[in-house]
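Student: turn this into a model:
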Amino acid sequence: MKLDDRKFLTATEKEILEGQVTDVYFQHTLQILKAKGLENVIVHAEISANSLPDGYRWAVLCGLREVVNLLEGRKLTFRAYPEGSIFKTHDENGHLIPIAVVEGPYSEFCILETPLLGLMCQASGVATKAARIKKLAGDKIVASFGIRRMHPAIAPMISYAAFIGGCDFESCVLSANLLGETPRGTMPHSLLIIFKALTGKEENGWKAFDEVIDPSVKRICLCDTFEDERFSALKAAKTLGKKLFAVRFDTPKSRRGSMREIIKETLWELKVAGYDHVGIFVSGGVNEETVKELRDLVIGFGVGTSISNAPTIDFAMDITAVKVNGKWIPISKRGKLPGIKKVYRCNECLADIVVPADEKPPKCPYCNMEMTEAHVTYIENGKKIAEIPSPQEIRRKVLENIRKVPL
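Tutor: This next block holds a predicted model:
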């Protein structure tokens, strides 16, 4: 096997499922267990995150759809918070929260720890950043524009995570189709450059878009290619009239000053000219600070790298109990609480409490309501027994829950 044998440097589904995408010390561990006749030793392993990036108070769990596919058919049980759950690293008593657990012969999932964590860490990071930006944006559009910054093989994963995190639409054709959504976007600078070069007028590019593209696609004209955004926006409004939904500025960090002031000037110019139906959509380097600065003026944001290259959630997997002679023995490395636990959640305020597995369900320390088990059993003895909801249903739940938590 050589690099030149592949057009793209990606692992196949078969290689991932077989455990080839693993760290070599897991292969060594499996080899030792088999050599010593210990391949049937049953363990209880927890997946948790000690901290979150940049001081986040919470994160959005994502990646379980693929984790279930990875583990299905192996002699193990897998339980976790539901896909799209808002979670914290520690419970109300300061105990580290097991976000998911795997139980079974260690040899069944030893070499799958690396891909399992990878499936959860990156997707949860993307979903979390999307949720944070959507919470800041409120009812303004948040579009996922970031796949061009990442390897194309993982575009569907990035788009899925961004969508369930709260993004309103997706620009990637394949990703949107897989999600059951319609891909949506605006127009690139290249279109306007070509029409300007051939006809001398960028507005001919806007006209061509309107003439060719299905009327169901909103007319959003890119207005920063050749001249001052304000003048270009007015020209676009005169060109398309009532059909123009918005103009896009792809330069939040403008070459000539404050983008906020440029937008205010543009909105004034459009209003006095009779085009106050035209909104402004911004993209290019949009992040949380951009959204906070401009959300009261614009109709939406195209967010790229900030979401697609979001910091990962650093999950880790740790054994906390080993079955010896039919009895669970609590044991863990330093810094981890040994034993089998249950996590209970208050569905009103999203408070979590971790207790030993044999304790009764606690009441919420804030609402005094009965708490329910946070984990769903997705796989039992190798068989999938619970389905992941549709992306649309997960997204709806995420949007509902991020209203309950502060940034």
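Student: which residues does the strand of greatest length in the chain contact?
Tutor: Using DSSP state E to define each element, the chain has its longest strand at strand 315-324. Here strand 315-324 makes contact (CB atoms under 8 Å, 6 or more residues apart in numbering) with 41-50, 98-99, 102, 106, 113, 116-117, 120-121, 124, 328-333, 336-341. For every residue, glycine as well, the C-beta is placed using N, CA and C.
Student: quick one: contacts for the residue nearest to residue 177 when sequence neighbours are not counted?
Tutor: The shortest distance from residue 177 to any non-neighbouring residue, by CB to CB, 6 or more residues apart in numbering, is to residue 183 (7.2 Å). Going by CB under 8 Å, 6+ apart, residue 183 touches 169-173, 175-177.
Student: and residue 382, by the same measure?
Tutor: Contacts of residue 382 (CB under 8 Å, 6+ apart): 72-76.
Student: contacts made by stretch 113-121 with the rest, please.
Tutor: Contacts to stretch 113-121, defined as CB under 8 Å, 6+ apart, come from residues 16, 19, 21-23, 26, 47, 61-64, 66-67, 70-71, 100, 102, 109, 312-317.
Student: send me that stretch as CSV with only the CA atoms.
Tutor: The C-alpha trace of stretch 113-121 is given here as CSV (Å, rounded to 0.1, in the frame of the first residue of the first chain):
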residue,chain,number,x,y,z
GLU,A,113,-11.3,3.9,20.3
THR,A,114,-9.4,6.2,17.9
PRO,A,115,-12.0,6.5,15.2
LEU,A,116,-14.8,6.6,17.8
LEU,A,117,-13.3,9.6,19.5
GLY,A,118,-12.5,11.2,16.1
LEU,A,119,-16.2,10.9,15.0
MET,A,120,-17.4,12.6,18.2
CYS,A,121,-14.7,15.2,18.8
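Student: for the protein, what's the longest helix?
Tutor: Using DSSP state H, we find that the single longest helix of the chain is helix 113-137.
Student: what mean pLDDT does that one get?
Tutor: The pLDDT scores in helix 113-137 average 99.
Student: swap in stretch 322-334?
Tutor: Averaged over stretch 322-334, pLDDT sits at 97.
Student: how long is that stretch end to end?
Tutor: End-to-end distance of stretch 322-334 (CA to CA, to the nearest Å): 16 Å.
Student: go on, stretch 4-19?
Tutor: By CA to CA, the extent of stretch 4-19 from end to end equals 22 Å.
Student: residues of that stretch that come out buried?
Tutor: 16-17, 19 (16 or more other CB atoms under 10 Å).
Student: contacts for stretch 129-140, please.
Tutor: The contact list for stretch 129-140, computed with CB under 8 Å, 6+ apart, reads 56, 60, 86, 142, 144, 161-168, 287-288, 291-292, 295, 298-301, 303, 306-307, 310-311, 398-399, 402-403, 407.
Student: what's around residue 150, how many residues?
Tutor: Neighbourhood size, residue 150 [other CB atoms under 10 Å]: 17.
Student: ok, the closest residue to it other than its chain neighbours - contacts?
Tutor: Spatial nearest neighbour of residue 150, excluding adjacent residues (CB to CB, 6+ apart): residue 308 at 5.0 Å. Contact analysis of residue 308 by CB under 8 Å, 6+ apart lists 126, 144, 146-147, 149-150, 158, 162.
Student: again, but for residue 386
Tutor: Residues near residue 386 by CB under 8 Å, 6+ apart: 376-378.
Student: make CSV from those residues and add distance to residue 363 and pLDDT to it.
Tutor: As requested, those are arranged in CSV below (distance: CB to CB, whole Å; pLDDT from 0 to 100):
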residue, distance to residue 363, pLDDT
376, 21, 98
377, 24, 99
378, 27, 99
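Student: quick check: the farthest pair among the contacts of residue 382?
Tutor: The largest separation in the contacts of residue 382, counting by CB to CB, is between 72 and 75 at 11.2 Å.
Student: can you give me the strands for the stretch 51-200 of the chain?
Tutor: Secondary structure of the stretch 51-200 of the chain (DSSP state E, counting those that start in this stretch): strands at 59-60, 77-80, 86-87, 100-105, 141-144, 169-170.
Student: return the most buried member of these.
Tutor: Among the strands of the stretch 51-200 of the chain, strand 59-60 has the highest mean neighbour count (mean count of other CB atoms under 10 Å), at a mean of 26.
Student: for the longest helix of the chain, buried residues please.
Tutor: 113-137.
Student: output the below-cut-off pLDDT ranges for the stretch 151-300 of the chain.
Tutor: Under the criterion pLDDT under 70, the flagged ranges of the stretch 151-300 of the chain are 252-257.
Student: and if we set it to 90?
Tutor: Under the criterion pLDDT under 90, the flagged ranges of the stretch 151-300 of the chain are 251-258.
Student: the helices in it, which residues?
Tutor: 155-164, 173-179, 189-199, 203-212, 229-240, 259-272, 288-294 (DSSP state H, counting those that start in this stretch).
Student: out of the ones you listed, which one sits most buried?
Tutor: Of the helices of the stretch 151-300 of the chain, the one with the most neighbours on average (mean count of other CB under 10 Å) is helix 155-164, at a mean of 26.
Student: next, the angle helix 113-137 makes with that helix.
Tutor: Here the directions of helix 155-164 and helix 113-137 differ by 40 degrees (axes from the mean of the first three to the mean of the last three CA atoms, to 10 degrees).
Student: which elements pack onto helix 155-164?
Tutor: Applying 3 or more CB pairs under 8 Å, 6 or more residues apart in numbering; DSSP states H and E, one finds that helix 155-164 makes contact with helix 113-137, strand 141-144, strand 169-170, helix 173-179, helix 305-308, helix 391-402.
Student: okay, now residue 36: neighbour count?
Tutor: Neighbours of residue 36 under the rule other CB under 10 Å: 9.
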